[in-house]
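1. Return atomic coordinates for the entry below.
(chains A and B)
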Amino acid sequence: MDLTQMLKGVLPLTVLAILAEGDAYGYDVLNQLRTAGLSGVGDASVYGSLQRLYDAGLLSSYMAASATGPNRRYYSLTTSGTAALKQARADWPAFRDTVDRLLDPDAVGA
Amino acid sequence: MSWQRSRVDRDELDAFLAQVEQACRDLPERQRRELIAHLGEHLREIDATGRALKEQLGSPEDYARELRAAMDLPPPLAVERRQGRLRRPRMAAALVLAGVGITAAVVVMINASEGSAGCTQAEIDSGGAEARPALPTGGAYLGKGRWAYCINRDGRYAFTTDPFTPAFPLKNFSAAFVIRNGKAQLTGPHFELHDVDRRDRFTARITFAVSSYSGAPELEVTATQCCRPRR
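-> Numbers count the residues shown, from 1 in each chain, chains lettered A, B, ... in the order given. As a prediction, this is how the structure comes out:
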């Protein structure tokens, strides 16, 4: 199965998780995702996720000066974003375990 | 660190943005402009190191396709195809809105406990004649509508608005009830937004519960979307 399809579902959660650690601008988010191991994640996917979360009110943004170039747009979690991440963190283990069991019935937690 | 990091060529960037915008021309203008403006800021961060933008990002068409997918929008081609076709109601907004914390506001009119004031017997029997109010396009004020309900019971009532174009982001909705010509005990309203054509136009399903009523109460609902937050 195409990995990008799997990624699409979880990318917003990972973006929220990164921003929970601190405000970041788009390229910073992209680099953090790639450094964390999602090396194949595309720029457009990350930027699109940021915009979608922003449109949904889960993120706010502000401009801040950069030492190396133009001002940068930083994104930060709103109260709704924090709540959405909290819910996702609560839901994730059961979801992950279910998928694990389905994919490999013999290996997991018999 | 210095300014000397190789920056994307301005003309190249503008051309790239123009083509992405072209692929997003179905979005409401305000949303599209913001999307492209922020994208320009984002792409200026690229350390081009002499490489063409397309080498790093792929073609603008592919970029737009991936961008739209991440935003849960249909691919550009589907937009083209959809023109001239009936738009299907969709549920996609529900997910987004779950985290958004919409407060909603509305007014409605409950009309008549005993079949007075314009309700036909059939409407009373069926639990209410439902108008479909149109909520005007965004800004600070979504609109106000009067919706006649022919209450024949305690319980839940619901109506669905005509499609309207909200301001983005989708939050800061509020609603208020005013009751006239009688009394009614209400809980709600509860709002649920459904996007009709992928975030361009929406309908709002507004539900409320009547726990008791007397006389021939009219319930007027005012819906608003207020105050785009800025930082």
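
2. any weak-confidence spans in chain B?
-> Along chain B, segments meeting pLDDT under 70 span B:1-7, B:47-50, B:77-153, B:157-181, B:195-201, B:215-231.

3. can you rerun that using 50?
-> In the predicted model, chain B carries pLDDT under 50 at residues B:1-5, B:80-119, B:123-124, B:126-146, B:148, B:228-231.

4. In chain A, spot the helix with the most residues.
-> helix A:79-103 (DSSP state H).

5. Quick one: check it for contact with chain B.
-> Yes - Helix A:79-103 comes into contact with chain B when judged by Cβ under 8 Å from any Cβ of the partner chain, the residues involved being A:T79, A:S80, A:G81, A:A83, A:A84, A:Q87. For the C-beta atoms, the positions are set from N, CA and C on the backbone; glycine is no exception.

6. Just the buried positions in that helix, please.
-> Using 16 or more other Cβ atoms under 10 Å in any protein chain shown as the test for burial, helix A:79-103 gives A:S80, A:G81, A:T82, A:A83, A:A84, A:L85, A:A88.

7. from the middle of its chain, how far away would that helix be?
-> Helix A:79-103 sits 13 Å away from the centroid of its parent chain (Cα atoms, centre = their mean, to the nearest Å).

8. what's that helix packed up against?
-> Helices and strands touching helix A:79-103, by 3 or more Cβ pairs under 8 Å, 6 or more residues apart in numbering or on different chains; DSSP states H and E, are helix A:3-20.

9. and if we set it to 10 Å?
-> Counting contacts by 3 or more Cβ pairs under 10 Å, 6 or more residues apart in numbering or on different chains; DSSP states H and E, helix A:79-103 is packed against helix A:3-20, helix A:43-55, strand A:59-66, strand A:69-77, helix B:93-98.

10. In chain B, what residue comes closest to chain A?
-> B:A70 (2.6 Å; Cβ to the nearest Cβ).

11. Looking at the residues of helix A:79-103 next to chain B, which is nearest A:L59?
-> Each of the residues of helix A:79-103 next to chain B was scored against A:L59 by Cβ to Cβ, and A:G81 proved nearest at 5.6 Å.

12. what's around the nearest residue to that closest one once chain neighbours are set aside, how many residues?
-> Spatial nearest neighbour of A:G81, chain neighbours left out: A:L58 (3.6 Å); criterion: Cβ to Cβ, 6 or more residues apart in numbering or on different chains. Neighbour count for A:L58, taken as other Cβ atoms under 10 Å in any protein chain shown: 29.

13. you'd agree A:L58 is up against A:Q51?
-> No - using Cβ atoms under 10 Å, A:L58 makes no contact with A:Q51, being 11.1 Å away.

14. For those two, list the residues in contact with both.
-> Jointly contacting A:L58 and A:Q51 under the rule Cβ atoms under 10 Å, 6 or more residues apart in numbering or on different chains are A:Y75.

15. ok, back up a step: and the buried residues of helix A:79-103 as TSV, adding pLDDT?
-> Formatted as TSV, the buried residues of helix A:79-103 follow (pLDDT from 0 to 100):
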residue	pLDDT
A:S80	94
A:G81	95
A:T82	96
A:A83	95
A:A84	95
A:L85	96
A:A88	95
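
16. circling back to that earlier point, for B:A69, see how far away the residue nearest to A:G81 is.
-> Noted for A:L58: a distance of 18 Å to B:A69, by Cβ to Cβ, to the nearest Å.

17. And B:F208, by the same measure?
-> For B:F208, the distance to B:A69 (Cβ to Cβ) stands at 37 Å.

18. Look at these two and report which has more neighbours.
-> Neighbours per residue, other Cβ under 10 Å: of B:F208 and B:A69, the larger number sits with B:F208, 22 against 18.

19. Give me the phi and psi for that one.
-> The phi and psi values for B:F208, taken as degrees, to the nearest 10, are phi -150, psi 160.

20. which residue sits closest to it in space, ignoring its chain neighbours?
-> B:G188 (3.3 Å).

21. ok so, going back, any idea which of the residues of helix A:79-103 next to chain B is the one closest to B:G40?
-> A:G81 (23.8 Å).

22. Isn't that closest one up against A:L50?
-> No - at 11.2 Å, A:G81 and A:L50 do not qualify as touching, with contact defined as Cβ under 10 Å.

23. Quickly list what's touching both of the two.
-> With Cβ under 10 Å, 6+ apart as the test, A:G81 and A:L50 both reach A:P12, A:V15, A:L19, A:L58, A:L59, A:Y75.

24. Could I get those residues in CSV, plus columns for pLDDT?
-> Shown next, in CSV, are the shared contacts of A:G81 and A:L50 (pLDDT from 0 to 100):
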residue, pLDDT
A:P12, 95
A:V15, 97
A:L19, 97
A:L58, 95
A:L59, 94
A:Y75, 95
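
25. any idea which of those residues is closest to A:Y25?
-> Comparing the shared contacts of A:G81 and A:L50 against A:Y25 with Cβ to Cβ picks out A:Y75 as the nearest, at 7.1 Å.
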